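1. prediction below, plus the sequence it came from.
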Amino acid sequence: MDLDNEDASIKIYVISLVVAILVLTTAVTISYRQIKSLEESSKQVNHFIIVEREIHKMFSSYAIQKSALFDYVISQNPDFLNGIEQYRLQGQNAVSRLKSLTKTDPVQQANIDQMLMFRKEFSNRIESLLNDNNHSYSPNNVLMNAEMGKISTLMENMRLLRDQMIWDAEVDLKRNNNVYNSSIKFTPLTIWAVALFSLVAFILAFWRILWNRREMKETKAFLTNILKSTENMIDHYKPIRDESQEIVDFKIVYSNDRIAGENDLMPKDIIGKKLSELYPVTFENGYFRMLKECMDNDQVVQFEHHYNLMENVKTFWSTAIKLGDAVTITSVDVTPLKSSALKLEEINRELVEKSTALDQAELIASGGSFRLDIRTGNAYFSKNFHRVLGFENREITVTFNKFRSFVHPDDLELFDNFVKEIMENKVEAQQSYRIITKEGATRNLITTGRIIIENDREFLVGVMQDITSEMQSKLVIEDQNIELKRSNEELESFNRVVSHDLQEPLRKIQMFISMISEDALLNEENREYFIKIVRDAQRMQTLITHLLSYSRIGSEDMDFERVKLNNILDKVLQNQNFLIADEIKVTIKSLPTVRGIPFQMEQLFSNLLTNAIKYGKEGEINSIIVSSELVPSKDIEQEFRKKSQYYHKITVSDTGMGFNQDHADKIFEVFQRLHSDRNSGTGIGLAICKKIVENHNGIITAQGKVQGGAVFTIFLPKDPDEY
Amino acid sequence: MNERKLQIALADDDEDDRQLFLKAMGNLKISTELSLFEDGQQLMDYLHSSLQDLPEVIFLDLNMPVKGGMECLKEMRNDSRFNDIMIAIYSTSSSEKDIEETFINGANIFINKPNDFGKLKESIAKVIELNWQYQTSQLDKDNFLLRI
């Protein structure tokens, strides 16, 4: 079934037709001419026959005349003479007829003339014989015999002439016929050929018609099948024109079954109806306009149109093709396609968004990702990867080797080993190395990569991060650390110097003073002075000691141990013996075990207790209580880095002078003293406490009321191993 | 009681400290003989040269030129010939670190140089007494350390 080569067939047919016509015409012409020849030929034969007949008639008339005459003569019966005139007339007629018949033949004319001469002679002799008939005939009548013999001879001559004439006529006939002979020979052949040709042509035509019919039937069946089975709506409209031949409407000539699905109309309901009747909406939504355009411009028109069918908007994609003076429209319901397309658009948008978000995330994180197909060598490097290398817009295709060319020459070995590690051992590995970007800058990268297997193919995938700034920060920090260490070391040696060189003279002063004051020969006043010197020297000593211990806290590399606070407190109390008096009542509750530096804990509580004792109220009992409880870190309102979930809340409270709560923070500052110089105090004691507590990852706070005692609260992290 | 005088040595770079020490020793009831050294090197030289007559107690200052107290301590404790000598570190430093280190290295006593003459006399007396206890009752030197 070939739907496309119409033009070719027509040409063939036309050519065949023309050829057939030519052939037939030729054949027919030839046949016609042949038949004409035959006609001529038969005419000639006819002519000959007539001529011959006339010749015979002519001669026979003479012959009969002669025999009649002879019969008369012989029988002397006049009856025999009855017909002579008749025959003589017959002969005359024959001659004149012959004369006219052979007008064109000079030979025959000569013959006829000869015959006429003979006839004349004949007539004469007959005459004479008749006249001589007075005598009766007897066989001995010599004259009569001679006359009769002459007539017989004449007759003979006439007979010979007759034969001659016949012969000449035959010749004439033959001669004329020769011309047609050759033609005549082929006549049956030609006719047979024509007949055959016509038959063949007819058969071919018939066969072709049958074949075409079959094809058409097939095509028709095929088309019908399509029309029936297609999801598309196929309509065929004829235009309805107005007086000025403008298309104003369409009549529905055909519609396939698909209509049925769209609304409740069956094809048979709508065929024959007008577009304006059935679907007036088409005049508004551009459908009619498109069809008109298609018809007027003889163009294939494709367009989209929408319908609201039962609350849904349906979208159709129609193709209109002009066919003769009608239009065929194929419409496809693309509503699902459209919604798919919309969905696709949305997904695309999302994808673009995600991709952009990822790219931006990578940009912010100074990171990038890559994926290398081991087998093909194709690589994907994310947009930010290109940026890190110095290429803004994926200007170059980065392959593995191309990337390798960016690696800093000193780090190439590291890099290669790293890659080897991943590829051979199939493990995830990480490596930091330097690269030199397109502009020549050196950057530090850290890459994590591993092998992934997907569909039996190996991929090397991973992420990379530009840690140049971190590296630089690290370097800066390292430098700062070194500085700090150096500074610390300086401080330590400073400390040592202070410790020794400051204290030494002081000690000696005190020593010598004490030696002098042992001498009982001093008077009261001098003794008094010496006591004062001792006291001030002692103060200085204490100050230096405190300063030293304050500066030492934290800088000494001491390990934390498990410290039983109750033991520490016992020790402190032992040492504080000289300060304990009757007005002072110290209660130590059950205290926890913490992780810390024992002698620092000792110092802490020593200072706190000293403080509490020192600032007792004159004349009143100073009750000092040291107690502890466990609190969860979230309940602690003070802000500090809470490393532990639970903290020991240790309180040292007293009922002494207290202090103004407004100054609570200042208490812990170095050299800050809230009370005047009544009691000896270096102003460093509490600062030391604070430093110790902070060294133990805790904090210390103070609450006080003027003349209402004070509470010092210490938070120390609970040792997680300690129950 | 032994007639033999108690041999005591002091290594301290400070002149005054040596004088004070000598004076303080003078007040003691037991008869002693005090050898004074300016630095660790002198002390060690003396020790090596008088193996027959080693002091029983050595007071060792930490901060000394040429050879410091810590070094001497280590040397002495590494030498088995000096195992019987009681070593008292006599220092101004009260750093816990120093104290610990001296004990780790084998010192028996750590004395913070007092600033009072009376206290000095007490400390020395205490050390001597301890030494006598040790000498007579065979206290285990390895386990015994004291801070004054």
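-> That came through fine.

2. wait, what's in contact with residue 115?
-> With no chain named, the answer covers chain A. Residue A:115 is in contact with A:58, A:95, A:158, A:161, A:162, A:165, counting by C-beta atoms under 8 Å, 6 or more residues apart in numbering or on different chains. In this view, the C-beta of every residue, glycine as well, is placed from N, C-alpha and C.

3. hm, I was asking about chain B
-> Residue B:115 is in contact with A:506, A:507, A:510, A:511, A:514, A:537, A:538, A:541, counting by C-beta under 8 Å, 6+ apart.

4. got the residues of the stretch 451-600 of chain A near chain B?
-> Within the stretch 451-600 of chain A, the positions lying close to chain B (C-beta under 8 Å from any C-beta of the partner chain) are A:499-500, A:503-504, A:506-508, A:510-511, A:514-515, A:518, A:537-538, A:541, A:545, A:552, A:556, A:558, A:599.

5. buried subset of these?
-> Neighbour-count burial (16 or more other C-beta atoms under 10 Å in any protein chain shown) applied to these gives A:499, A:503-504, A:506-508, A:510-511, A:514-515, A:537, A:541, A:552, A:556, A:558, A:599.

6. residue of chain B closest to chain A, please.
-> Shortest chain B-to-chain A distance, computed as C-beta to the nearest C-beta: residue-wise this is residue B:115, at 3.5 Å.

7. tell me the secondary structure for the closest residue to residue A:281 other than its chain neighbours?
-> Leaving out its chain neighbours, the residue that sits closest to residue A:281 by C-beta to C-beta, 6 or more residues apart in numbering or on different chains is residue A:307, at 7.2 Å. What DSSP: H, G, I helix; E, B strand; the rest coil gives for residue A:307 is strand.

8. let's check: the centremost residue of the chain is which one?
-> Picked chain A for this. Taking C-alpha atoms, centre = their mean as the criterion, residue A:344 is the residue nearest the geometric centre of chain A, at 11.4 Å.

9. the intended chain is chain B.
-> residue B:59 (2.0 Å).

10. spit out the contact partners of the residue of chain A at minimum distance from chain B.
-> For chain A and chain B, the shortest gap (C-beta to the nearest C-beta) falls at residue A:510, measuring 3.5 Å. Residues in contact with residue A:510 (C-beta under 8 Å, 6+ apart) are A:534, A:537, A:538, A:541, B:115, B:116.

11. doesn't the residue nearest to the centre of chain B lie inside a helix?
-> No: the assignment for residue B:59, made by three-state DSSP, is strand rather than a helix.

12. list the beta-bridge partners for it.
-> residue B:10, residue B:88 (DSSP bridges).

13. name the single longest helix found in chain A.
-> Longest helix of chain A, by residue count under DSSP state H: helix A:142-229.

14. quick one: distance of whichever helix or strand comes after it to the chain centre.
-> With elements assigned by DSSP states H and E, the helix or strand that comes after helix A:142-229 is strand A:233-241. Put simply, strand A:233-241 sits 36 Å off its chain's centre (C-alpha atoms, centre = their mean, to the nearest Å).

15. next SSE downstream of strand A:233-241?
-> Remark: after strand A:233-241, the chain's next helix or strand is strand A:247-255, criterion DSSP H and E.

16. pull the CA atoms of that next one into PDB?
-> Extracted C-alpha coordinates of strand A:247-255, given in PDB (Å, rounded to 0.1, in the frame of the first residue of the first chain):
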ATOM      1  CA  ILE A 247     -16.200  31.100   5.000                       C
ATOM      2  CA  VAL A 248     -18.700  31.700   7.700                       C
ATOM      3  CA  ASP A 249     -19.400  28.300   9.100                       C
ATOM      4  CA  PHE A 250     -18.500  24.600   8.700                       C
ATOM      5  CA  LYS A 251     -20.600  21.600   8.200                       C
ATOM      6  CA  ILE A 252     -19.500  18.400   9.900                       C
ATOM      7  CA  VAL A 253     -19.100  15.700   7.300                       C
ATOM      8  CA  TYR A 254     -17.300  13.100   9.300                       C
ATOM      9  CA  SER A 255     -16.300  12.600  12.900                       C
END
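
17. that one packs against which elements?
-> Under the contact criterion of 3 or more C-beta pairs under 8 Å, 6 or more residues apart in numbering or on different chains; DSSP states H and E, strand A:247-255 touches strand A:233-241, helix A:267-270, helix A:275-278, helix A:287-297.

18. got the angle between that strand and helix A:142-229?
-> Counting by axes from the mean of the first three to the mean of the last three C-alpha atoms, to 10 degrees, strand A:247-255 points 90 degrees away from the direction of helix A:142-229.

19. quick one: the residue of chain B closest to chain A is in a strand?
-> No: assignment of residue B:115 by three-state DSSP gives coil, placing it outside any strand.

20. check contacts around residue B:118.
-> Residue B:118 makes contact with A:514, A:518, according to C-beta under 8 Å, 6+ apart.

21. and it, how far is that from residue B:34?
-> In this view, residue B:118 and residue B:34 are 19 Å apart by C-beta to C-beta, to the nearest Å.

22. who touches the closest residue in space to residue A:155 that isn't next to it in sequence in this structure?
-> Nearest residue to residue A:155 in three dimensions, chain neighbours excluded: residue A:66, at 5.3 Å (C-beta to C-beta, 6+ apart). Neighbour list for residue A:66: A:122, A:126, A:151, A:152, A:155 [criterion: C-beta under 8 Å, 6+ apart].

23. state the pair within these that is farthest apart.
-> Within those, A:126 and A:152 form the most distant pair, 12.4 Å apart (C-beta to C-beta).

24. which of these two has more neighbours?
-> Remark: of residue A:126 and residue A:152, residue A:126 carries more neighbours, 21 against 14, as counted by other C-beta atoms under 10 Å in any protein chain shown.

25. the more buried one belongs to a strand?
-> No: assigned with three-state DSSP, residue A:126 falls outside any strand and is helix.

26. hang on, isn't it packed against residue A:69?
-> Yes: the pair residue A:126 / residue A:69 is scored as a contact, 5.8 Å apart, by C-beta atoms under 8 Å.

27. need the overlap of contacts for those two.
-> Residues touching both residue A:126 and residue A:69 (C-beta under 8 Å, 6+ apart): A:84, A:151.

28. how about the residues of chain B by chain A?
-> Taking C-beta under 8 Å from any C-beta as the contact definition, chain B meets chain A at B:14, B:16-17, B:20, B:23, B:63, B:92-97, B:113-118, B:120.

29. do that again at 6 Å, thanks
-> B:16, B:63, B:92, B:96, B:97, B:113, B:115, B:116, B:117 (C-beta under 6 Å from any C-beta of the partner chain).

30. and the helix or strand where the fifth one lies, C-alpha only, in PDB?
-> Using DSSP H and E, the secondary-structure element containing residue B:97 is helix B:96-104. Included here for helix B:96-104 are C-alpha records, laid out as PDB according to Å, rounded to 0.1, in the frame of the first residue of the first chain:
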ATOM      1  CA  GLU B  96      55.100  22.900  95.000                       C
ATOM      2  CA  LYS B  97      56.800  21.900  91.900                       C
ATOM      3  CA  ASP B  98      60.200  22.200  93.500                       C
ATOM      4  CA  ILE B  99      59.100  20.400  96.600                       C
ATOM      5  CA  GLU B 100      57.800  17.500  94.700                       C
ATOM      6  CA  GLU B 101      60.800  17.300  92.500                       C
ATOM      7  CA  THR B 102      63.200  17.300  95.400                       C
ATOM      8  CA  PHE B 103      61.300  14.500  97.100                       C
ATOM      9  CA  ILE B 104      61.100  12.600  93.800                       C
END
